[in-house]
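In: Here is my input; please provide its structure:
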Amino acid sequence: MKISIVSLFPQLFTEFLSTSIINRAQTKKLVEFEIIDLRQFGVGIHKNVDDRPFGGGPGMILRPDVLSACLQSIKSSNKPLVILLSASGKPFKQKTARQLSNYDHLILIAGHYEGVDQRFIDKSVDLEISIGDYVLTGGELPAMVVADAVVRLIPNVLSKSEATFEESFEKDTLEYPQYTRPEVFEGESVPLILRSGNHLKIAKWREEQSLLKTKNIRPDLLKK
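Out: Coordinates of the predicted model:
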């Protein structure tokens, strides 16, 4: 998979790309990242990428011609899926991440300022994504969130890829409680059933605990 990220602050991705699973996925050549500085496509001496909104109002809007020129510069062997990270996009879900992991090429555009010219969105954007009901300074953090969630679902990125099917939100429930050593911690013991060796009973217990946890913390998931 190839993931191209368009940003006004490409330096923010340096540490993100060089650590943990994201770095290992690149080392295994399972994913290729391309970070593109939108400023290099800016207009005029000052490389302007934004302008005032028609109709008035606060803030600045990213120009459609600048974004379009940037998009046209990105080379792809297959038609890429163009995603705009936006506060007004569709909520990002685990199911969305799994769907995106099947694409050969994703282009993530980190929005900034007060937004993006709607003409560019209508002509060039396939999907708008929001990572939550709040507003951030820019789309860089959401781009990292989407990239991280997607990359770990690519086959062979994780040593035990089947583990991703046992996680929170895969079945519209939260993951069951997990325990490890020491067996007794500050007077609290690991549940006896997890030490029983009875895998059928353990599976049933985990399913029950998953539902209970979801009911207590995210009852909205169960309403689905």
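In: Residue 210 touches residue 174, doesn't it?
Out: Yes: counting by C-beta atoms under 8 Å, residue 174 is a contact partner of residue 210 at 6.3 Å. C-betas here are computed from N, CA, C, even on glycine.
In: Domain map for this protein?
Out: 2-151, 168-222 (automatic domain parsing).
In: Least reliable of those domains by average pLDDT, please.
Out: Among these, domain 168-222 has the lowest mean pLDDT, at a mean of 92.
In: and that domain, how far out from the chain's middle?
Out: Relative to its parent chain, domain 168-222 has a centroid offset of 26 Å by C-alpha atoms, centre = their mean, to the nearest Å.
In: List the strands paired with whichever strand in the chain runs longest, with their directions.
Out: Looking across the chain with DSSP state E, the single longest strand is strand 81-91. Sheet pairing of strand 81-91 (DSSP bridges) gives strand 105-110 (parallel), strand 127-130 (parallel).
In: Just the angle for whichever helix or strand comes after the last one relative to strand 105-110, thanks.
Out: Read that as strand 127-130. Using DSSP states H and E, the next helix or strand after strand 127-130 towards the C-terminus is helix 140-151. For helix 140-151 against strand 105-110, the angle by axes from the mean of the first three to the mean of the last three C-alpha atoms, to 10 degrees is 160 degrees.
In: mind listing what's buried in helix 140-151?
Out: For helix 140-151, the neighbour count (16 or more other C-beta atoms under 10 Å) marks 140, 142-147, 149-151 as buried.
In: For the residue positioned nearest the centre of the chain, give me its contacts.
Out: Centrality entry for the chain: nearest residue to the mean C-alpha point is residue 146, 1.1 Å, by C-alpha atoms, centre = their mean. By C-beta atoms under 8 Å, 6 or more residues apart in numbering, the contact set of residue 146 is 83, 85, 92, 97, 100, 108, 129, 131.
In: Packing partners of the helix or strand containing the fourth one?
Out: Taking DSSP H and E as the criterion, the element that holds residue 97 is helix 94-100. Using 3 or more C-beta pairs under 8 Å, 6 or more residues apart in numbering; DSSP states H and E as the contact criterion, the neighbours of helix 94-100 among helices and strands are strand 81-91, helix 140-151.
In: If we use 10 Å, what do you get?
Out: Under the contact definition 3 or more C-beta pairs under 10 Å, 6 or more residues apart in numbering; DSSP states H and E, helix 94-100 sits against strand 81-91, strand 127-130, helix 140-151.
In: May I see the buried residues of the longest strand of the chain?
Out: 81-87, 89.
In: got those as a markdown table, with distance to residue 17 columns?
Out: Below are these laid out as a markdown table (distance: C-beta to C-beta, whole Å):
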| residue | distance to residue 17 |
| --- | --- |
| 81 | 20 |
| 82 | 21 |
| 83 | 18 |
| 84 | 21 |
| 85 | 17 |
| 86 | 23 |
| 87 | 25 |
| 89 | 23 |
